[in-house]
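> Please find the sequence and the predicted model below.
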Amino acid sequence: MTPAYSLPIVNDGNVVVEPAVAPSTSAPSSSQTSHILHRSLRRSPHRVVAASGNYLTLSNGQKILDATGGAAVACLGHGNQCVKDAIARQMDEVSYCHSLFFSTGAAERLGDELVGSTRGRMSKAFIVSSGSEAVEAAMKLARQYFLELPTPQPSRVRFIARGESYHGTTLGSLGLGGHRGRRAMFEPMLSDKISHVSACNAYRGKLDDESDEAYVARLAEELDAEFRKVGPDSVCAFVAEPVVGAALGCVPPVPGYFEAMRAVCDKHGALLILDEIMSGMGRTGTIHAWEQEGVIPDIQTIGKGLGGGYAPVAGILINRRVVDTLDKGTGSFSHGQTYQGHPIACAAAAEVQRIIREDKLVDNARELGEHLASLLRKSLGDHPNVGNIRGRGLFWGLQIEFVRNKAAKQPFDPTDGVAMKIHEKGMEPEYGISIYPGSGSADGISGDHVLLAPAYNVTKADIELIVHLTERVVKDFFAGF
């Protein structure tokens with residue numbers, strides 16, 4: 001039976017929704033060779049058998065240069081002995097206890113490390129197991145804050161986020177995100193208490209004759225208008241990624257943007273939630289991306305670079321005014337999960353953060369990020385299918401929104417699968433590099449890009465090799481496209 005509607009094709013580093021065609025009979029599908037429900041039932045993933053430093057070793061013996069740390073996760077590379085030792089010590093101490101009744105030294109060390117990294121501008125940390133969980137916790141905390149005020153504001157049940165954003169894959173966090181392709185299948189199930197305004201995307205949104213100041217003013221007016229439309233006293237928070245990750249391809253804001261958004265939130269009494277799951281914890285050249293924006297969020301989500309992939313861990317950092325409000329009210333956060341504050345995850349994350357701080361790896365990310373940007377622009381900036389090269393720190397997107405027409409910024413058709421095919425080409429033995437693909441960067445469905453997000457401890461030689469291989473992959477792909 002033909003479905004009543006067709007789903008948009010999404011085939012990138014986060015979601016796979018492939019064309020509805022029969023699987024090939026020339027090779028076994030994933031469903032025939034594995035009892036794991038992989039991202040795709042039609043293609044078996046490569047199997048990793050070893051990992052060290054910047055390299056993954058596959059079951060066929062091939063070595064892959066991991067130029068993205070997976071999904072901008074492996075910020076120390078693979079197999080760090082200090083982190084492995086910290087995990088082993090924690091296993092000997094206690095591997096699990098329920099956070100309702102107990103705390104651990106690992107959790108307390110991580111909390112000290114995280115709050116200290118903000119120089120006290122955030123006062124508490126809440127540790128969970130994934131970015132989606134962190135976003136859900138942030139949304140619930142924002143709602144509870146308004147119920148705990150001396151004069152409660154129970155009408156605040158809404159959130160405003162941005163188009164072409166991505167905040168997670170659970171129903172709450174997916175509803176918060178504005179990525180059309182990833183929302184499509186589940187749209188009827190998503191909350192109607194969330195609305196979206198334009199992202200700050202100078203490449204696609206800023207007019208040719210528009211100054212940064214005028215662009216910011218226009219976006220601020222759009223946000224203010226949305227508050228007025230839905231009712232200013234109905235909104236809990238405005239939610240945004242300081243540097244948009246996989247949804248748009250490393251899009252940094254123009255100067256003054258977040259200060260203007262903060263002012264609109266303050267005008268209407270709403271909170272500012274910054275989602276730094278992908279862009280935070282040193283990835284963009286400061287431990288927290290908001291440090292470069294002249295604002296301090298009320299709630300901040302953190303994830304990928306927090307534990308560097310050594311354990312499933314994410315969390316939220318909470319501004320003192322939110323904590324103090326709860327402290328003067330019920331004295332608790334009405335939310336909890338089985339693996340909240342997991343000792344092994346906390347031990348891994350605390351050690352990752354200690355290494356980053358003591359080895360000054362954020363400075364290295366910032367300095368080598370400039371070298372990476374310079375080399376990318378020199379090698380691919382003039383390529384006819386590279387629309388934009390942008391990013392911050394060691395978080396760079398070849399906004400190879402990979403365009404058909406550079407002057408018109410015309411994206412490729414989603415059915416071409418350009419970004420994923422570039423990733424797949426990079427995985428061929430001739431190149432041996434993993435580049436993170438993304439889609440929907442033009443309008444939520446069309447638009448292709450790839451990301452580079454090396455480990456913070458990369459060397460200049462590593463950066464030059466990454467750029468060399470990326471240049472070859474991109475040029476060779478389009479030469480045969």
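Looks like it came in fine. Predicted, not measured: the structure shown is a model, and the values here were computed from it.
> tell me the phi and psi of residue 449?
Main-chain torsions, residue 449, degrees, to the nearest 10: phi -150, psi 160.
> wait, doesn't it sit right on residue 251?
No - at 9.5 Å, residue 449 does not count as touching residue 251 under the criterion of CB atoms under 8 Å. Any C-beta I mention is one placed from the backbone N, CA and C, and that applies to glycine too.
> Strands along the stretch 351-481 of the chain, start to end?
388-392, 395-399, 403-405, 410-411, 433-434, 436-439, 448-452 (DSSP state E, counting those that start in this stretch).
> coming back round to it: among residue 449 and residue 251, which residue is more densely surrounded?
residue 449 (32 against 28; other CB atoms under 10 Å).
> and the gap between that one and residue 51?
According to CB to CB, to the nearest Å, residue 449 stands 26 Å off from residue 51.
> Residue 405 now?
40 Å.
> Then residue 424?
Using CB to CB, residue 424 is found at 20 Å from residue 51.
> Next: residue 476.
Residue 476 is 26 Å from residue 51, by CB to CB.
> next one: residue 120
For residue 120, the distance to residue 51 - CB to CB - is 37 Å.
> do the same with residue 196
38 Å.
> where are the low-confidence patches of the stretch 251-400 of the chain?
Scanning the stretch 251-400 of the chain for pLDDT under 70 picks out 397-400.
> where does residue 4 land on pLDDT?
Residue 4 is assigned 52 on the pLDDT scale.
> Assign residue 50 to helix, strand or coil.
Secondary structure state of residue 50, per DSSP: H, G, I helix; E, B strand; the rest coil, is strand.
> Could I get the contacting residues of the nearest residue to residue 289 once chain neighbours are set aside?
Take residue 289 and drop its neighbours on the chain: the residue closest to it by CB to CB, 6 or more residues apart in numbering is residue 242, 3.7 Å away. Going by CB atoms under 8 Å, 6 or more residues apart in numbering, residue 242 touches 252, 253, 258, 274, 276, 279, 280, 284, 289, 290, 292, 293.
> Sitting in helices, which of those do you find?
Among these, the members falling in helices (DSSP state H) are residue 258.
> Just the buried residues from the contacts of residue 242, in ChimeraX please.
Selection of buried members from the contacts of residue 242 for ChimeraX, criterion 16 or more other CB atoms under 10 Å:
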select :252,253,258,274,276,279,280,284,289,290,292,293
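> nearest to residue 318, of the contacts of residue 242?
Residue 318 has its nearest neighbour among those in residue 274, at 12.0 Å by CB to CB.
> For that closest one, give me its contacts.
239, 240, 241, 242, 258, 289, 290, 295, 297, 299, 300, 301.
> redo that, cut-off 6 Å
242, 290, 297, 300 (CB atoms under 6 Å, 6 or more residues apart in numbering).
> what about residue 10, neighbour count?
Residues lying near residue 10 (other CB under 10 Å) number 24.
> From residue 434, how far out is it?
Taken as CB to CB, the span from residue 10 to residue 434 is 19 Å.
> what does residue 83 give?
21 Å.
> Same question for residue 279.
For residue 279, the distance to residue 434 - CB to CB - is 20 Å.
> leaving aside the residues next to it on the chain, what's closest to the residue nearest the centre of the chain?
Centroid-nearest residue in the chain, with CA atoms, centre = their mean: residue 278, separated by 2.9 Å. In this structure, residue 278 finds its nearest non-sequential neighbour in residue 245, 3.4 Å apart by CB to CB, 6+ apart.
> Let me know how buried the one you found is, in neighbour terms.
29.
> Residue 175 belongs to a helix?
Yes - under three-state DSSP, residue 175 sits within a helix.
> can you map out the strands along the stretch 101-250 of the chain?
122-128, 158-162, 194-197, 235-240.
> So for residue 204, which of those strands sits nearest?
Taking the strands of the stretch 101-250 of the chain one by one with CB to CB, strand 158-162 is closest: 12.8 Å.
> Contacts for the closest one next, please.
176, 178, 193-197, 199, 226, 230, 234-240.
> could you flag which of those residues are buried?
176, 178, 194, 196-197, 199, 226, 230, 234-240.
> follow-up on the earlier one: which residue of residue 120 and residue 51 possesses the greater neighbour count?
Between residue 120 and residue 51, residue 51 has the larger neighbour count (other CB under 10 Å), namely 16 against 9.
> I'd like to know how far the closest residue to that one other than its chain neighbours sits from residue 455.
Closest residue to residue 51 apart from its sequence neighbours, by CB to CB, 6+ apart: residue 78 at 3.6 Å. Using CB to CB, we find residue 78 at a distance of 9 Å from residue 455.
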